[in-house]
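Got a predicted model here, sequence first, then my questions.
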Amino acid sequence: MCGRFSITGDLDFYAEYFAVDEVVTEALEKSWNVAPTDNVYVVTEKEGTRRLGSMNWGLLPHWAKDTRSIHINARSETVATNNTFRDAFIRHRCLIPADGFYEWGPVGGDRRPHWIYRADGHPIVFAGIWSARREHDTGEWQRTCAILTRDAEGFVGRIHDRMPIGLPQDVWGRWLDRKLEDPEQARALLTSGSGEELMGHIVSKAVNTVRNNTPDLRDPVEPDTLF
């Protein structure tokens, strides 16, 4: 599960980090509390050109009529067969960068938010899928994305049963390659293992409220602090 995360890197940083050929988005505002429907940075590839763009977080299939039913996550175990995600998984895979993400887990009889991040300080690069849908009224294209998840392990496994999939750099190119249409080969990339240690700590319940969006949301608090 991934319901909130943080993106605070500059546009130029992500363009260099992913070695993109083309930037097709304006810079997004820094966010320490990214929520569903927010605009996020997304790396895609088309005809061998790697692009840094932005999309709304919450996938809508191209055939969707109900725009209220968005999908922020997709289970890696069923993404290749689920009708909602199948086409995107085969043809529209992407990378979604994040400083880290929030997860809620039990602490002393309460559910508390935790901030989870890479121990080496680098961004977590989520395995994502995206979809393009034309608005019936305006004719404009709406591009949306979702983050793939798997069974949780390590630190995350102690607080939740699911976690977003982080992809290591050596599979980015293959994951983005639109010529890769074999679902089993694509799914194999999701089990390659990032080899990156994740760390985390309890944070303030202020992150529960979407309108709270400041750097101190990620600061650690004492486990017995009440909010």
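Received, thanks.

Which helix or strand lies directly C-terminal to the one helix or strand in the chain whose mean pLDDT sits lowest?
Lowest mean confidence among the helices and strands of the chain (mean pLDDT, DSSP states H and E): helix 154-157, at a mean of 90. Counting by DSSP states H and E, the next helix or strand C-terminal to helix 154-157 is strand 162-164.

Which parts of that next one count as buried, going by neighbours?
162-164 (16 or more other C-beta atoms under 10 Å). Yep, even glycine has a C-beta here, placed from its N, CA and C like the rest.

Format those as TSV; extra columns: distance to residue 135.
Output for those, formatted as TSV (distance: C-beta to C-beta, whole Å):
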residue	distance to residue 135
162	32
163	33
164	28
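
and which of the residues you listed is nearest residue 33?
residue 164 (16.1 Å; C-beta to C-beta).

any idea of the pLDDT on that closest one?
Note on residue 164: pLDDT of 96.

Would you mind listing the residues in contact with it?
For residue 164, the contacting residues are 1-2, 73, 101, 124, 126-127, 147-149, by C-beta atoms under 8 Å, 6 or more residues apart in numbering.

out of everything not next to it in sequence, what's closest to it?
residue 2 (4.0 Å; C-beta to C-beta, 6 or more residues apart in numbering).

Equivalent analysis for residue 92, please.
Residue 92's closest residue in space is residue 130 (C-beta to C-beta, 6+ apart), at 4.8 Å.
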